[in-house]
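> mind folding the following:
(chains A and B)
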Amino acid sequence: MRTLRGYLWVAPALVWTLAISLGPTLYMVVHAFLAPRFDPAAGRPRLRWVGFENFARFVADDQLLHSVWWTVGVACTAVVLEVVLGLALALAAWSLTGRAARVAGGLLTMPMLMAPVAVAYLATTVFAQDVGLINGSLARWLGVPPERLPNWRSDPVWATVAILLVEVWQWTPFCFAVLLAGLASQPSELYEAARIDGAAGWSLLRHVTLPLLRPVLVVVVLIRLVESLKLFDVPYGLTRGGPGTATQSYSMWIKEIGLTRYDVGLASAMGLLLLVVLASSGTMALWLSKRARSVTQG
Amino acid sequence: MVKMAKVAGALWVALLAGCTTKTPDRPTIRVAVYASGPRGAISGPLHYWKNRWEEETGATLEIAEIPFAELHDKVFADLRAGTGQYDGIIGPAWFYGDYLLGNYILPIDDFIQRGKNGEFPFWDPQTVVPALRELHRWNGRWYGVPNDGDAHVLYYRKDVLADPKWQDAYRKATGKPLRVPETWEELAEIAEFFHGKDWNGDGEPDYGITMHLAVGGQGFFHYMSLSAAYTVLPGPQKDRYHNVYWFDPETMEPLINTPGHRRALAMLRRLQKAGPRGQTDWQLKEAWDRFLNGKAVFCYSWGDVGSLAQDESQSRIKGKLGCTALPGTMEVWDREHNRWVRFERPNRVGNTVGASWHGVITRQSKHPELVYHLFAFHAQKEINMFHCATGWTGIDPGRTFHFLQPRGEATLETYTSAGWHPEDARQYTEAFYQNYYESTAFLDYLRIPGTMELWRQLDRRLHEAVVDHSIAEEEILARIEADWRRTLERISNEIGPDRLKQLYQRSIGYGQRVQP
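Got it, this is the predicted structure:
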């Protein structure tokens, strides 16, 4: 009776989770192997089993493959920069005390509270070619001639740099906040013991702080990596995937193929591949985190 | 604990009830429209007349504004899922292929007939210019209620081109007279001459031309209206080789990678060099603003520029605006004989590029008559004329009563009373008349399933062309052709190649005689 009651309590949550999570996932998996084909007898298209044809179309499309490498490159670069900067800021804030620490923490976490798409649209004013904050300042204060100003949204390299800058600006605070919490939870006795043993500065950081912080670092890196691989808002708002399709992220393609072209088969195949990568990353995150914790505790 | 849960539950229910409260017995319709706010293009007029229409009908109008980039996806997601969020859509004419393939919209011939009997506000189908009329119809039936008429015309600074100082300088520099350009070649020469010179006396170098070339900035319409003159061979009939632009109507082979297009793309790049470097990431407004602020000699775009030029809060060129139909070319590529055909007078091809935003009624609407009433209300002569003469509405000329007498029914006072400079109004309406009625041929409008996808592909490849001039024109056009082939193959697999060809032929009026 007690067991049945327990099941009843969790049933709504279970049904909800299955409805919004498992249902669409199953739909995606099935559709990754289907495609509409014209049926002359019926005079209309019917869904047919096409095996791996949707995956083959994905592999044969240069623009889609480019988006894979571009997204992975941007995600990895952004995560490295965010974690390094976030760690540096967290260490700096950790050394502060009282009101200064609270103010610094509050200010530094503000960017991540904003909607990414709003940040992207705001960034268009920063990176505009003639009158943007950066180019306008370069021209006015440093006298850089117009032809030498970076073409932020019409040059593939500069457009990628602009997206990276926005991503790093917005999500470094997340790394900072989590790492600061990790630092704050470290046992002070270990530091006192290390100092008695003569550790200080870099050696303290390398041999005490970072090993203790490793479980948190692993989680931060993998959470950010998983999020960055789904990159959508910033390129969508800032560059529209341009110039051409140079900054069109993998998720932007999935959305366009699924909703504009209504090519559900190809979009599902791409979604399935992304899901596999993200699920593997998540599993790896849990495993690494557990391993790091056991090493630290051991 | 249980008590707290009950209170929370009651609050939740009350909150939900509050959110969904509706006036009983008052029918409500929801119309999806391109988002630009209550005083912006296309959505603005809906807001402006909302109260009056609601008073007249006793119904409630909900305006669902959707950003341009999202419009297609949101509208068709709703139509495909059958969720019935929208009773009507004020959308672009390029949606028709997808509308009709899914049988998502209602024909309105019956409503038009009942409008003649006074059941609905009356608008006369004969007042829609023939080129635009076809964009509201399919297979002989009306589906769309006219609202906006889109076409590109050429705007220029008539005070600058008529200035004796600049006429002398131009003649000395080129050996040619400075005049309103009749060919794209002439336009490029004049734009290049003025580009980089301080011809407006503000102490800074100014531009020859401004264009909106950002990816997603509708720059591909610039290319379409320009390239038509190089590629559309005039003839008495719309046959395989004459008066067609997109695909071979017999084989559905893309016609994009032909010598006419190569020359046209080279011209687009040449014009781009006679404009600001940053225009490769400009949307409409940024390009228009530079022209309206007196920084560029030329701008070719929609009717909005002409009416916005009359608004002195955002324009410095009122009374200085010149306007004419788009230039042409002296040679056109003949695909049948694989040669250039030379003309004695420029081949000036008319166009209806753009959206020609107008209303259609969805099949899932529970109040189709009310939706038609709303669209017909906006299509009435007085209201549509008011929109056409008022800059912020985004409604451009496309009805016979927009043209000045004796071409149409409007008087100069109609425009001057709305704040127009009389000479600007005269040239503006004349340019649109020339475009619609006096062109040598007409650029056909693509309305097949997947048009949005085909145009996005065109847009992106053209952006590659304007940001990187090291890529040869042939290479860019080959990329577009490859993209289009893939898309057509996918659509053919889905609906059958014969059906696709049939839809294309129907949408362009294949085989029909072309009105002179």
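
> could you pull up phi and psi at residue B:34?
phi -60, psi 130 (degrees, to the nearest 10).

> leaving out the residues flanking it, which one is nearest to residue A:263?
In space, and not counting its chain neighbours, residue A:263 is closest to residue A:257: 5.0 Å by Cβ to Cβ, 6 or more residues apart in numbering or on different chains. Where C-beta positions appear, they are placed from N, C-alpha and C, glycine not excepted.

> what's the helix or strand for residue 73?
Since no chain was named, I'll use chain A. helix A:62-95 (DSSP states H and E).

> I was after chain B.
Assigned by DSSP H and E, residue B:73 falls in helix B:68-81.

> next SSE after the strand or helix carrying residue B:110?
According to DSSP H and E, residue B:110 maps onto helix B:109-116. Counting by DSSP H and E, the next helix or strand C-terminal to helix B:109-116 is helix B:130-133.

> need the contact list for the nearest residue to residue B:115 once chain neighbours are set aside.
Nearest-residue entry for residue B:115: residue B:122, 4.9 Å, with adjacent residues in sequence omitted and distances by Cβ to Cβ, 6+ apart. Listed by Cβ atoms under 8 Å, 6 or more residues apart in numbering or on different chains, the contact partners of residue B:122 are B:115-116, B:376, B:380.

> circling back to that earlier point, tell me which residues of the helix holding residue A:73 come out buried.
A:63-64, A:66-68, A:70-71, A:74-75, A:77-79, A:81-83, A:85-87, A:89-91, A:93-94 (16 or more other Cβ atoms under 10 Å in any protein chain shown).

> other SSEs contacting it?
Applying 3 or more Cβ pairs under 8 Å, 6 or more residues apart in numbering or on different chains; DSSP states H and E, we find helix A:62-95 packed against helix A:53-60, helix A:98-109, helix A:156-184, helix A:210-229, helix A:250-255.

> centre of the chain versus that helix, how much separation?
Relative to its chain's centre, helix A:62-95 lies at 8 Å (Cα atoms, centre = their mean, to the nearest Å).

> dump the residue contacts of residue 133.
Using chain A. By Cβ under 8 Å, 6+ apart, the residues touching residue A:133 are A:125-127.

> that's the wrong chain, I wanted chain B
Per Cβ under 8 Å, 6+ apart, neighbours of residue B:133: residue B:125.

> try 7 Å
Applying Cβ atoms under 7 Å, 6 or more residues apart in numbering or on different chains to residue B:133 gives no contacts.

> tell me the secondary structure of the residue most central in space within chain B, please.
Note on chain B: the residue nearest the mean C-alpha position is residue B:354, at 1.7 Å, using Cα atoms, centre = their mean. Secondary structure state of residue B:354, per DSSP: H, G, I helix; E, B strand; the rest coil, is coil.

> residues touching the closest residue to it other than its chain neighbours, list them.
The spatially closest residue to residue B:354, leaving aside those adjacent along the chain, is residue B:150, at 2.9 Å (Cβ to Cβ, 6+ apart). Residue B:150 makes contact with B:302, B:352-356, B:396, according to Cβ under 7 Å, 6+ apart.

> next, residue B:150: phi, psi?
Here residue B:150 shows phi and psi, under degrees, to the nearest 10, equal to phi -100, psi 140.

> relative to helix A:156-184, how tilted is the lowest-mean-pLDDT helix or strand in chain A?
One helix or strand of chain A scores below all others by mean pLDDT, DSSP states H and E: helix A:98-109, with a mean of 80. Taking axes from the mean of the first three to the mean of the last three Cα atoms, to 10 degrees, one finds that helix A:98-109 is oriented at 150 degrees with respect to helix A:156-184.

> run the angle between helix A:98-109 and helix A:62-95 for me.
170 degrees.

> buried residues, helix A:98-109. List them.
Buried, per 16+ other Cβ under 10 Å, within helix A:98-109: A:101, A:104-105, A:108.

> who touches that helix?
Contacts of helix A:98-109 (Cβ under 7 Å, 6+ apart): A:89, A:93, A:96, A:173, A:176-177, A:180.

> need the buried ones from the contacts of residue A:133 selected in ChimeraX.
Selecting only the buried entries of the contacts of residue A:133 in ChimeraX, with 16+ other Cβ under 10 Å as the criterion:
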select /A:126,127
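
> show me what contacts residue B:280?
A:154, B:213-214, B:466-467.

> please report the distance of residue A:172 from chain B.
26 Å (Cβ to the nearest Cβ, to the nearest Å).

> what is the burial count for that residue?
For residue A:172, the count of nearby residues is 25 (other Cβ atoms under 10 Å in any protein chain shown).

> what's the answer for residue B:110, then?
11.

> ok, it to residue B:369 distance?
10 Å (Cβ to Cβ, to the nearest Å).

> try residue B:485
Distance, residue B:485 to residue B:369, by Cβ to Cβ: 44 Å.

> the two: which is more packed in?
The neighbour comparison of residue B:485 against residue B:369 (other Cβ under 10 Å) goes to residue B:369, with 16 against 13.

> what pLDDT does the model give residue 220?
If you meant another chain, say so; for now it's chain A. Residue A:220 is assigned 93 on the pLDDT scale.

> sorry, should have said chain B
95.

> what helix or strand is it located in?
Using DSSP H and E, residue B:220 falls in helix B:219-231.

> after that helix comes which helix or strand?
Per DSSP H and E, the helix or strand that comes after helix B:219-231 is helix B:259-273.

> give me the neighbour count for residue 166.
No chain was given, so I picked chain A. Residues near residue A:166, counting by other Cβ under 10 Å: 24.

> you answered for a different chain; I wanted chain B.
Around residue B:166 there are 20 residues (other Cβ under 10 Å).

> pretty sure it sits against residue B:159.
No. Using Cβ atoms under 7 Å, residue B:166 is not in contact with residue B:159, being 9.6 Å away.

> interface residues of the stretch 151-298 of chain A facing chain B?
Proximity of the stretch 151-298 of chain A to chain B is confined to A:153-155, A:240-245, A:259-263 under the rule Cβ under 7 Å from any Cβ of the partner chain.
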